[in-house]
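**Student:** With the input below, show me the fold.
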Amino acid sequence: MAVIGLPVEVVRWIAVKTVVKMWSTKPDKVCATKGAAMVVASEAGERIVRFPEPMTPVEGGTAKKEHRLSMEFGEVRVLVKKT
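**Tutor:** Have a look, this model is predicted:
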């Protein structure tokens with residue numbers, strides 16, 4: 001049995017059409033738990049990352065649900081939920 005991989009753009013389009021909430025406006029890798037999240041940039045540029053709960057960047061800043069991040073390809077950002 002052969003498996004054909006779909007381009008990430010097609011997968012994102014299908015997800016958006018089926019009302020899946022996207023965490024990033026770019027096709028980034030986002031891994032999250034209830035207390036922390038990691039964003040790995042798939043390309044350089046600005047993106048908006050949205051979380052269900054307010055998160056704070058580990059390098060400092062304000063806890064909020066939506067973050068506007070300017071990142072380089074492969075850059076990693078970590079955000080945590082303050083308790």
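
**Student:** Can you get me the start-to-end distance on stretch 9-24?
**Tutor:** 13 Å (Cα to Cα, to the nearest Å).

**Student:** repeat for stretch 25-44
**Tutor:** Start-to-end, stretch 25-44 (Cα to Cα) is 12 Å.

**Student:** Report the buried residues of that stretch.
**Tutor:** Neighbour-count burial for stretch 25-44 flags 26, 27, 28, 30, 32, 37, 39, 41, 42 (criterion: 16 or more other Cβ atoms under 10 Å). C-beta: built from backbone N, CA, C; applies to glycine.

**Student:** Please, which helix or strand holds the closest residue to the first one other than its chain neighbours?
**Tutor:** When the adjacent residues along the chain are set aside, residue 26 lies closest to residue 47, with 4.2 Å between them (Cβ to Cβ, 6 or more residues apart in numbering). With elements taken from DSSP states H and E, the one containing residue 47 is strand 45-57.

**Student:** and the residue nearest to residue 26, how many neighbours?
**Tutor:** Residues near residue 47, counting by other Cβ atoms under 10 Å, number 20.

**Student:** roughly how far apart are residue 57 and residue 49?
**Tutor:** 10 Å (Cβ to Cβ, to the nearest Å).

**Student:** can you give me the helices for this structure?
**Tutor:** With helices called from DSSP state H, the chain shows them at 8-17.

**Student:** Next, the contact list for the residue nearest to residue 76 when sequence neighbours are not counted, please.
**Tutor:** With sequence-adjacent residues excluded and distances taken as Cβ to Cβ, 6+ apart, residue 76 is closest to residue 40, at 5.3 Å. Contact analysis of residue 40 by Cβ atoms under 8 Å, 6 or more residues apart in numbering lists 28, 29, 30, 74, 75, 76.

**Student:** Return the two entries of the residues you listed that lie farthest from one another.
**Tutor:** In the contacts of residue 40, two members sit farther apart than any others by Cβ to Cβ. They are 30 and 74, at 14.4 Å.

**Student:** still on that earlier bit, turn the buried residues of stretch 25-44 into a markdown table, columns for pLDDT.
**Tutor:** Formatted as a markdown table, the buried residues of stretch 25-44 follow (pLDDT from 0 to 100):
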| residue | pLDDT |
| --- | --- |
| 26 | 94 |
| 27 | 90 |
| 28 | 94 |
| 30 | 93 |
| 32 | 93 |
| 37 | 96 |
| 39 | 97 |
| 41 | 97 |
| 42 | 94 |
